[in-house]
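Peer 1: no sequence for this one, just the structure:
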């Protein structure tokens, strides 16, 4: 199975481990992730004004590149996935926006939303299958009580993202079961951690992040997993207490028996 891969800027800097364990676990599962050539920043934040075109162009370039290569486009960073998936939806549904973007980009073949965008978790669920993933596990994380932290960007707006039920998501809990651990359900797993207000109002960010970890801890979680570098930073640096936070791909690599090999190469 071959997919185009958009790592994004943060996975080349502060979130290198998210990228490394994604690639290592994909290889162990027989998945080839081909990094897009000459990709650019997705824009980091989805622009809300309907007439904002310029900040969407880099995402459209990547989407068109994946189409031309004949592959679905896989992302792993929650923010990158959010932006690229919503921009793809815009191109598919807003003919005026698509016309202006294509007129500016002057692609050999205009882009109209042909590329399928998959988060790596969706790839595991919908392409590999969690049952097949469980069969590949060589080091099941038995006895580990793990809380899934979704955050905001994967789930909302649900019409565009179509990732999971925004109020009662299950994909991360099903992933946790597939790697042999026990998922912990807690109230704040799909609430905002406050990451976007850290610079402007750190006190609020501390309260929001601490509410997440306190809720997880009260329900028996020994650690949290996430796919979002911003959530990772905020939960690690602003949440009170000492709740361990991991990228989900790190535990996947551990369960597949490739974590130590990958860590030794760093």
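Peer 2: Sure thing, it's come through. The shown structure was predicted, so the numbers you read here are calculated from the model rather than taken from an experiment.
Peer 1: would you quantify the distance from residue 250 to residue 230?
Peer 2: Separation of residue 250 from residue 230 (Cβ to Cβ, to the nearest Å) stands at 17 Å. The C-beta positions use only the backbone N, C-alpha and C, and glycine is treated the same way.
Peer 1: with residue 27 instead?
Peer 2: 27 Å.
Peer 1: the two: who's more crowded?
Peer 2: residue 230 (22 against 15; other Cβ atoms under 10 Å).
Peer 1: just checking, that one touches residue 195?
Peer 2: Yes - assessed by Cβ atoms under 8 Å, residue 230 is found in contact with residue 195 at 4.2 Å.
Peer 1: overlap in contacts of the two?
Peer 2: residue 151 (Cβ atoms under 8 Å, 6 or more residues apart in numbering).
Peer 1: list the contacts of residue 238.
Peer 2: 194, 198, 202, 205-206, 209-210.
Peer 1: run a quick neighbour tally on residue 248.
Peer 2: Other residues close to residue 248 by other Cβ under 10 Å number 26.
Peer 1: find the nearest non-adjacent residue to it, please.
Peer 2: residue 225 (4.3 Å; Cβ to Cβ, 6 or more residues apart in numbering).
Peer 1: quick one, grab the pLDDT at that neighbour.
Peer 2: Listed pLDDT for residue 225 reads 98.
Peer 1: who's in contact with residue 167?
Peer 2: Contacts of residue 167 (Cβ under 8 Å, 6+ apart): residue 190.
Peer 1: tell me the spacing between it and residue 201.
Peer 2: 26 Å.
Peer 1: quick one: classify residue 235 as helix, strand or coil.
Peer 2: Here residue 235 is recorded as helix under DSSP: H, G, I helix; E, B strand; the rest coil.
Peer 1: my guess is it meets residue 224, correct?
Peer 2: Yes - contact criterion Cβ under 8 Å: residue 235 and residue 224 qualify, at 6.7 Å.
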